[in-house]
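Undergrad: Structural data only, the sequence is not supplied:
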């Protein structure tokens, strides 16, 4: 508080009044922001939102968790006690050593070996036929280069060409900005005005069916 020359106290300066100019400034800024966002070819927003840029980590449910067990599973068994044969009893048992006995023992193995050899020859023939057919197909068709396997929808960081600093955040889905589609009537791109006019004329020319009494 200061005093004037006559000793009277000075009145404090009046507080600044919020005039219409101060209220119009944020409205004008919002209008500019909206106009700039509408000019962008993609949807944009000024509010921060959460998005998953990198691939999420693998789920722990898929990984096989080690099972801690106190006891180790051991297969069960049983003991069967057999007494050995005595010397007298073992010498008394006669053993047949004829050729027929040995031939009978080896006959099953020989048949199994012949059968397996026949199967191997048949499979080798099938493989050769398949290779010949495959070579014929490869001669007719042009072998196209295999494209790399797609592992993510997000773009590669090495493909970045420029960086733009802007207050607008693009609305991104699967790593791609959503297009800014303006509201308009539904229209098929392959229909022209002439085709529409012809369709309307054919509709007008078709006579209406009269109800038979």
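TA: Perfect, thanks for sending it. Please read these numbers as outputs of a predicted model, since none were measured by experiment.

Undergrad: Only C-alpha atoms from now on, for both contacts and neighbour counts.
TA: Will do.

Undergrad: Need phi/psi at residue 176.
TA: phi -120, psi 140 (degrees, to the nearest 10).

Undergrad: neighbours of it, just the number please.
TA: With neighbours defined by other Cα atoms under 10 Å, the count for residue 176 comes to 13.

Undergrad: Quick check: it vs residue 161, distance?
TA: Computed as Cα to Cα, to the nearest Å, the residue 176 to residue 161 distance reads 15 Å.

Undergrad: again with residue 130
TA: The spacing between residue 130 and residue 161, counted by Cα to Cα, is 49 Å.

Undergrad: what about the two, which has more around it?
TA: residue 130 (11 against 6).

Undergrad: any idea which helix or strand comes after the helix or strand hosting the more buried one?
TA: For residue 130, the enclosing helix or strand under DSSP states H and E is helix 99-140. Where DSSP H and E defines the elements, the next helix or strand beyond helix 99-140 is strand 169-170.

Undergrad: helices and strands around that next one, which ones?
TA: strand 44-45 (3 or more Cα pairs under 8 Å, 6 or more residues apart in numbering; DSSP states H and E).

Undergrad: Run through the neighbouring helices and strands of the strand it packs on.
TA: strand 169-170.

Undergrad: Which residues outside the strand it packs on are in contact with it?
TA: With Cα atoms under 8 Å, 6 or more residues apart in numbering as the test, strand 169-170 has contacts from 42, 43, 44, 45, 46, 47, 48, 177, 178.
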